[in-house]
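**Q** sequence below, structure please.
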Amino acid sequence: MNIQLYASDTPNGRKISVALEEMGLPYDVHVVDLGKREQYDPAFTKISPNNKIPAIVDPHGPTGAPVSVFESGAILIYLGEKTGLFWPREPLAHIATLEWLMFQMGGFGPIPGQVHHFIAMQDETARRYGLKRFMAETRRLYAVMDRRLADNEYFAGTELTVADFAILGWAWRHPRHKVDLADFPNVQRWYQALMARPGVQRGFAVPLRH
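**A** Residues are numbered from 1 along each chain as shown. Model (predicted):
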């Protein structure tokens, strides 16, 4: 049986479709329609207690029994450990992978997500304040990434890792962040290189909406 992926066409959903394609793991897609609040379906809550996508069910878990995993960062770690791919064992690269994965989970995700929220607001006063605050912080995070990539091919160094997949899911939305990647040339170089990979292209082509 294949891994079952529960996701939508969002940055966090795309992280996992890209990782699964790059790792060559067979999987089936179950689109969770957030607009219809399918994330609150009791059957999905059993898989993802926080009612968030993505989530997976691996019929061949580490004990031989099926296991469900929720939270995109946890899923990337799980898949990296399961396959040994994009999950470096060399200590310094391993540390760097964890650092940049946590950077994405704690910053480059929640902050651009606020930009997405305030762009859609109708109250112009609240919209203006929120965008000024969170777009400035979003650009600061892009600058952090640009500095890192000035001397490194990938976020963990010379090796492509799950941290790159995590960050890519959100960098994919740079037009929505109102960010021109030309302002961050190292990020742009990294982004173009990853988006040229066949596995990444397949991951973004997976239908994740009804």
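**Q** and this structure, what are its domains?
**A** According to automatic domain parsing, the chain is divided into the following domains: 3-85+200-205, 91-197.
**Q** what residues of stretch 116-132 count as buried?
**A** Within stretch 116-132, the residues scored as buried using 16 or more other C-beta atoms under 10 Å are Phe118, Gly130, Leu131. Bear in mind the C-beta positions are built from the backbone N, C-alpha and C, glycine included.
**Q** what comes into contact with it?
**A** Stretch 116-132 is contacted from outside by Gln114, Val115, Phe134, Arg173, Arg176, using C-beta atoms under 8 Å, 6 or more residues apart in numbering.
**Q** figure out the helix or strand that Gly130 lives in.
**A** For Gly130, the element it lies in under DSSP states H and E is helix 124-150.
**Q** what mean pLDDT does that helix get?
**A** Averaged across helix 124-150, the pLDDT comes to 91.
**Q** helix, strand, or coil at the residue nearest to Leu168 when sequence neighbours are not counted?
**A** Distance criterion C-beta to C-beta, 6 or more residues apart in numbering; nearest residue to Leu168, sequence neighbours excluded, is Leu194 at 5.4 Å. Look at Leu194: counting by DSSP: H, G, I helix; E, B strand; the rest coil, its state is helix.
**Q** which residues touch Leu194?
**A** Leu160, Asp164, Leu168, Val200.
**Q** ok, and the most crowded of the residues you listed?
**A** Using other C-beta atoms under 10 Å as the neighbour test, the contacts of Leu194 are led by Asp164, with 29 neighbours.
**Q** tell me the angle the helix or strand bottoming out on mean pLDDT in the chain makes with helix 124-150.
**A** Within the chain, no helix or strand scores below helix 110-119, which has a mean of 86 by mean pLDDT, DSSP states H and E. On the basis of axes from the mean of the first three to the mean of the last three C-alpha atoms, to 10 degrees, helix 110-119 is oriented at 150 degrees to helix 124-150.
**Q** low-confidence ranges in the protein?
**A** Across the chain, nothing is flagged by pLDDT under 70.
**Q** mind redoing it with 80?
**A** Within the chain, the ranges that satisfy pLDDT under 80 run 117, 120-122, 126, 210.
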